[in-house]
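Chemist: Pasting a predicted model and its sequence here:
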There are 2 protein chains.
Amino acid sequence: MLKPSRALVHIVDRSGGKIEEMQDTPPTGPDFPGQNGLLPAIAQDVATGEVLMMAYMNAESYAETLATGRAVYFSRSRNKLWRKGEESGNVQIVQEIFVDCDRDTILLRVKQVGGAACHKGYKSCFYRQVTPEGLKLVGQRVFDPAEVYGEK
Amino acid sequence: MLKPSRALVHIVDRSGGKIEEMQDTPPTGPDFPGQNGLLPAIAQDVATGEVLMMAYMNAESYAETLATGRAVYFSRSRNKLWRKGEESGNVQIVQEIFVDCDRDTILLRVKQVGGAACHKGYKSCFYRQVTPEGLKLVGQRVFDPAEVYGEK
């Protein structure tokens, strides 16, 4: 699914002979920097528009996201692919993917299975608002992490 | 506006003498890593829910955002504060600020003056959708960058 930004094309020259040439092809997706390059990926609820979370993707996790239709990130702390929801069951069905003007940020519009994206049990990871009195809890808790992950 | 996560408090001990001690205080905002640490900041249209852009903030730009009520980012390419809209006039009036569960990503809900967040003239930087046929232009262009920035 991931095409290179330059492709080998076959051209027939005036004498009828075929020549091969590298030509630029239009970009088809994010521009992942070098080896294991990571790009931020924002997940947004496709139904409500709520911003659910932000994580990182590398080319491999992006390719698997395209192939499976489920959000796959790259966990920087665990240094491996993070198939979102594989433990909690709260997978993200990817409905639409966008790239930004520099193609270095990804926006996923998803259907959030289980209703909660955050490992803390909230629908959105952005469940706290900055106020003059400090952080204010505004998110709705959907599940108890202790029950789902077995935390104490 | 930015409080440290630990604060110097004055305590009166049993003998009536004052002692000073560092105590944990509840977090009041994002957790900026070390010196000039950058955190991703997502700007979302407060009226429509559309994700407009993603940029980076350091503690200084965050503090100025709080103080002025306008989104101020840190430009990694120019290595300085980026007062969004100072050239185009398309400033972002910050209505609400959220932090995520790890307090290492910021969500701004903004009123986008001028109707366009993207320097390419689109309402949102995410104006291209990934499709099997390649990137598809789906965003609405609000202004011509050549007129606003004087590009050729």
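Modeler: Thanks, I have the structure now.
Chemist: Is residue A:62 within a helix or a strand, and which one?
Modeler: Using DSSP states H and E, residue A:62 maps to helix A:59-68.
Chemist: I'd like the mean pLDDT over that helix, please.
Modeler: Mean pLDDT, helix A:59-68: 97.
Chemist: List the buried residues for that helix?
Modeler: Within helix A:59-68, the residues scored as buried using 16 or more other CB atoms under 10 Å in any protein chain shown are A:59, A:61-66. Where you see a C-beta, it was placed from the backbone N, CA and C, and this is true even at glycine.
Chemist: Pick out the residue of chain A closest to chain B.
Modeler: Closest residue of chain A to chain B, CB to the nearest CB: residue A:49 (2.8 Å).
Chemist: did I read that right, that residue in a strand?
Modeler: No. Assessed by DSSP: H, G, I helix; E, B strand; the rest coil, residue A:49 does not belong to a strand; its assignment is coil.
Chemist: which residue packs closest to it, ignoring adjacent ones?
Modeler: residue B:49 (2.8 Å; CB to CB, 6 or more residues apart in numbering or on different chains).
Chemist: Please apply the same query to residue A:85.
Modeler: Spatially, and ignoring its direct neighbours in sequence, residue A:85 is nearest to residue A:91 (3.4 Å; CB to CB, 6+ apart).
Chemist: Return the residues in contact with that neighbour.
Modeler: Residues near residue A:91 by CB atoms under 8 Å, 6 or more residues apart in numbering or on different chains: A:70-71, A:83-85, A:113-114.
Chemist: which one of these has the most neighbours?
Modeler: residue A:71 (28 neighbours; other CB atoms under 10 Å in any protein chain shown).
Chemist: right, and that one touches residue A:106 too?
Modeler: No. Counting by CB atoms under 8 Å, residue A:71 stays clear of residue A:106, with 10.0 Å between them.
Chemist: who touches both of these two?
Modeler: Common neighbours of residue A:71 and residue A:106 (CB under 8 Å, 6+ apart) are residue A:41.
Chemist: Low-confidence bits of chain A, can you list those?
Modeler: Applying pLDDT under 70 to chain A picks out residues A:1-23, A:151-152.
Chemist: follow-up on the earlier one: contacts only, for the residue of chain A closest to chain B.
Modeler: Going by CB under 8 Å, 6+ apart, residue A:49 touches B:48-50.
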